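Colleague: can you look at this prediction? I've put the sequence above it.
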Amino acid sequence: MTFLRRLLVTLFAVCITGCVQHLDPQPHGARNFVPWTNEPVPYRLSPGDTLAIQYTLNPELNENELSIAPDGTITAPLLGTIMAAGLSVATLKSNMQQRYVAYLRQPEFDIVVRSYVGAQIYVGGEVKTQGVYPLKGVMDAMQAVVTAGGPIDSAKLSQAVLIRHRADGRPMMRTIDLRHYMNTADMSDHVMLQPGDLVFVPKTAIASFDIFIDQYLDKAIPFNKTLNYNMGSSVFY
C-alpha cells in the first residue's frame, strides 16, 4: 500500500470515528502516527533555497548567495559538492565542519538561509483549489484553507486534520475545530503552520468507504511529491 493510500485510509478513519483534539496512534487507524507535540520542527532545506555562508576566520571564502541545486546539493568553498536538501541548517553545518578539518585549522562559519523556496504546505479535501502552496510568513490553518479558495459547501470545518512531521521524521496528526475558531476566535484552535504541514478538510458526511476512495483517492488528491514528506520513507512502515 502506498503512503498516499495509507494516509487517506487514516484520514477516513478520523472522519468516521469522531473528533478528538490529539490523536494517539491506534492499531485500527493511526498506527503510523506518533502523539502530537507542539515542539518546533527544524526547517529542512530544499532545492531552490538560497544560503549564505559567512566564515569567521576566512572571510575570503564567504558566499552570499548559494542556491541548492535541483539534485539537492550545494558547491561549498574548498569542499566542492555536498548534499544539503533534506537536512536542517545545524546538520548541514556539522557535516561541513567535519569535512573542513582537512582544509582549515579552525573551520568557524555560520549558515544563513536567504530564501525559503521549499517552505510549502499542502491543503486538500473540501476546499476550492487543492494543492501545494508556499508558506509565506506567519500562517494558521484557517488562513491556509482561505488560501486554497476557502471551504466548499460539503466541508466539515469542525474536523479539519493537520499532519506534521516532528524533528525525528515521524508523522503526527491532530484535528482542529476551524468552525469553532471562526465563531469564537478561541486560541486553542489557532494553530500556526510549519513548512511541510498538510491540512485536510473532510466532507460533512461520507456515505461509504468506496465513495471516499473514489472521491479522494482516485479523483481529487493531486498530492505533490515535491512537498517535504519523503514519500515512501521507511518511517511509515
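Modeller: Cool, got the structure.
Colleague: the most far-flung residue of the chain relative to its centre: what secondary structure?
Modeller: Residue farthest from the centre of the chain, counting by Cα atoms, centre = their mean, is Arg105 at 37.9 Å. Secondary structure of Arg105, reduced to three states by DSSP: H, G, I helix; E, B strand; the rest coil: coil.
Colleague: list the contacts of it.
Modeller: Listed by Cβ atoms under 8 Å, 6 or more residues apart in numbering, Arg105 has no contact partners. Placement of C-beta: from N, CA and C, glycine included.
Colleague: name the SS class of the residue nearest to Asn95 when sequence neighbours are not counted, please.
Modeller: Leaving aside its chain neighbours, Asn95 sits nearest to Ile82 (6.8 Å; criterion: Cβ to Cβ, 6 or more residues apart in numbering). Under three-state DSSP, Ile82 falls in the strand class.
Colleague: list the beta-bridge partners for Leu51.
Modeller: According to DSSP bridges, the residues that bridge with Leu51 are Leu66, Val113.
Colleague: same check, this time on the one 4 residues further on
Modeller: Beta-bridge pairing of Tyr55 under DSSP bridges involves Phe109.
Colleague: do Ile176 as well
Modeller: For Ile176, the beta-bridge partners under DSSP bridges are Ala160.
Colleague: from what I can see it touches Ala160, true?
Modeller: Yes. Shown here, Ile176 and Ala160 form a contact pair, counting by Cβ atoms under 8 Å, at 4.7 Å.
Colleague: could you check which of those two is surrounded by more residues?
Modeller: Legend: neighbour count by other Cβ atoms under 10 Å for Ile176 and Ala160, higher for Ala160 (30 against 24).
Colleague: gap between that one and Arg170?
Modeller: 21 Å (Cβ to Cβ, to the nearest Å).
Colleague: now swap in Leu198 and tell me
Modeller: 14 Å.
Colleague: burial of Val89, as a residue count?
Modeller: Neighbours of Val89 under the rule other Cβ under 10 Å: 18.
Colleague: over to the residue nearest in space to the middle of the chain. Which of the three states is it?
Modeller: In the chain, the C-alpha closest to the average C-alpha coordinate belongs to Gly196, at a distance of 1.2 Å (Cα atoms, centre = their mean). The three-state label given to Gly196 by three-state DSSP is coil.
Colleague: list the buried residues of stretch 119-128.
Modeller: Ala119, Gln120, Ile121, Tyr122, Val123, Gly124, Gly125, Glu126, Val127 (16 or more other Cβ atoms under 10 Å).
Colleague: show me the contacts for the last one.
Modeller: Read that as Val127. Taking Cβ under 8 Å, 6+ apart, one finds Val145, Ala148, Gly149, Gly150, Pro151, Ile152, Ala155, Val201 in contact with Val127.
Colleague: ok, Val112 next?
Modeller: Applying Cβ under 8 Å, 6+ apart to Val112 gives the contacts Leu51, Ala52, Ile53, Gln54.
Colleague: please produce a ChimeraX select command covering the buried subset of these.
Modeller: Typed into ChimeraX, the line below selects the buried ones among the contacts of Val112, using 16+ other Cβ under 10 Å:
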select :51,53
